[in-house]
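K.L.:
can't give you the sequence, but here's the structure:
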């Protein structure tokens, strides 16, 4: 009631908004409702940004969830999902808007692995969120780690079920032989199904194994609701398993809107991450997810940069 964070209502309920919506303003926020989205509160920096974007008539539409926040030793991250996307707020930064901030996305392929939990410890302590492209067949061995990654604001996306090359005549896997469209769909569907069953949210992005893709894969990805995302900077951490080299490459190759490729399957990479975070922040970068730099990934479209 009035003892909640919203306080007392300051106006009567009003209806007749777009999509038959209703609203009511309170001392410290508002509640908006439609039949399709339900009733959700908006407040603080997220409410202000949503208002500046046109309220329910702007690009975000109505809220689909309440504001969800997590606080760790590195600060607080809040996010709220709207019909047209997600708005995020981070302590010390404010609204995460990569059109005005110097953003860079760290991505990690190949897990979950025995080292992913240690990586999450580092990320949580520094209030940093990243994008994990997971291999579906490994999720059952580490479901709690995958759930933790998602709960703490990281993205969990598709990297195929068993990591085959998803094109014919693949330069990165010359001995593999042809792969059928049916097998490609199975690789993507099984992984998306497993991610959804584990974290409650279906992935919207695919990182193709070895970064190899063709028009057929783009077409199948479109049908599966997946954008295809590679990278703008490769640390080549799988080849040169040297912490100092990985750190230097990640930092010097970073660009605003960039996507940096690493793997959470090697201890040398995990050891490099604290230094990478410190160095990038010292250079004025805001560390975000791929979804933050891209904005709203379109299924079947190929991305390497925000």
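P.N.:
Done, it's in. If you're wondering where the values come from, they're calculated on a predicted model, not measured in any experiment. Numbering: from 1, shown residues only.
K.L.:
so for the longest helix along the chain, mean pLDDT?
P.N.:
If you go by DSSP state H, the chain has its longest helix at helix 181-199. Confidence for helix 181-199, expressed as mean pLDDT, is 98.
K.L.:
gap between that helix and the chain center?
P.N.:
The chain centroid and the centroid of helix 181-199 are separated by 18 Å, computed with CA atoms, centre = their mean, to the nearest Å.
K.L.:
what's in contact with that helix?
P.N.:
134-136, 139-140, 143, 146-147, 150-151, 156-162, 164, 166, 201-203, 206, 216-217, 220-221, 223-226 (CB atoms under 8 Å, 6 or more residues apart in numbering). Bear in mind the C-beta positions are built from the backbone N, C-alpha and C, glycine included.
K.L.:
which among those end up buried?
P.N.:
134-136, 139, 146, 150, 156-161, 164, 166, 203, 206, 217, 220-221, 224-226 (16 or more other CB atoms under 10 Å).
K.L.:
among the residues you listed, which are in helices?
P.N.:
146, 150, 217, 220-221.
K.L.:
turn those into CSV, including pLDDT and distance to residue 108.
P.N.:
CSV is the format used below for those (pLDDT from 0 to 100; distance: CB to CB, whole Å):
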residue, pLDDT, distance to residue 108
146, 98, 12
150, 95, 14
217, 98, 21
220, 98, 24
221, 98, 20
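K.L.:
out of these, the closest to residue 80 would be?
P.N.:
residue 150 (16.0 Å; CB to CB).
K.L.:
does that closest one touch residue 156 like I think?
P.N.:
Yes: between residue 150 and residue 156 there is a contact under CB atoms under 8 Å: 5.0 Å.
K.L.:
overlap in contacts, those two.
P.N.:
Joint contacts of residue 150 and residue 156 (CB under 8 Å, 6+ apart) are 198-199, 201.
K.L.:
quick check: of those, which lies closest to residue 99?
P.N.:
Among the shared contacts of residue 150 and residue 156, and counting by CB to CB, the member closest to residue 99 is residue 201, at 24.5 Å.
K.L.:
residue contacts, residue 306?
P.N.:
Residue 306 neighbours (CB under 8 Å, 6+ apart): 98, 103, 105, 256-259, 292-295.
K.L.:
now residue 226
P.N.:
Residue 226 neighbours (CB under 8 Å, 6+ apart): 158, 188, 192, 203-206, 299-300.
K.L.:
my guess is residue 89 is in a strand, correct?
P.N.:
Yes: under DSSP: H, G, I helix; E, B strand; the rest coil, residue 89 sits within a strand.
K.L.:
for residue 108, see how far away the residue nearest the centre of the chain is.
P.N.:
Compute the mean C-alpha point of the chain, and by CA atoms, centre = their mean the closest residue is residue 155, 3.3 Å away. Between residue 155 and residue 108 the distance is 10 Å, computed by CB to CB, to the nearest Å.
K.L.:
now do the shared contacts for those two.
P.N.:
Joint contacts of residue 155 and residue 108 (CB under 8 Å, 6+ apart) are 130-132.
K.L.:
who wins on neighbours among those residues?
P.N.:
residue 132 (28 neighbours; other CB atoms under 10 Å).
K.L.:
from residue 5, how far out is it?
P.N.:
With CB to CB as the criterion, residue 132 and residue 5 are 32 Å apart.
K.L.:
what's the answer for residue 292, then?
P.N.:
Noted for residue 292: a distance of 26 Å to residue 5, by CB to CB.
K.L.:
neighbour-wise, which of these two wins?
P.N.:
Between residue 292 and residue 5, counted using other CB under 10 Å, the more crowded position is residue 292 (23 against 11).
K.L.:
helices or strands next to the strand or helix carrying that one in the packing?
P.N.:
Element membership of residue 292, judged by DSSP states H and E, is helix 290-294. Helices and strands touching helix 290-294, by 3 or more CB pairs under 8 Å, 6 or more residues apart in numbering; DSSP states H and E, are strand 103-109, strand 155-158, strand 227-229, strand 258-263.
K.L.:
next structured bit after the longest one?
P.N.:
In other words, strand 103-109. Next element after strand 103-109 (DSSP H and E): helix 116-125.
K.L.:
can you pull the buried residues of that next one?
P.N.:
The neighbour-count check on helix 116-125 (16+ other CB under 10 Å) flags 116-117, 119-120, 122-124 as buried.
K.L.:
of the residues you listed, closest to residue 12?
P.N.:
Closest to residue 12, out of all of the buried residues of helix 116-125 and judged by CB to CB, is residue 124, at 42.8 Å.
K.L.:
now the helix or strand of the chain with the lowest mean pLDDT against helix 116-125, angle please.
P.N.:
Every helix and strand of the chain was ranked by mean pLDDT, DSSP states H and E. The lowest is strand 68-72, at a mean of 86. Relative orientation of strand 68-72 versus helix 116-125 (axes from the mean of the first three to the mean of the last three CA atoms, to 10 degrees): 100 degrees.
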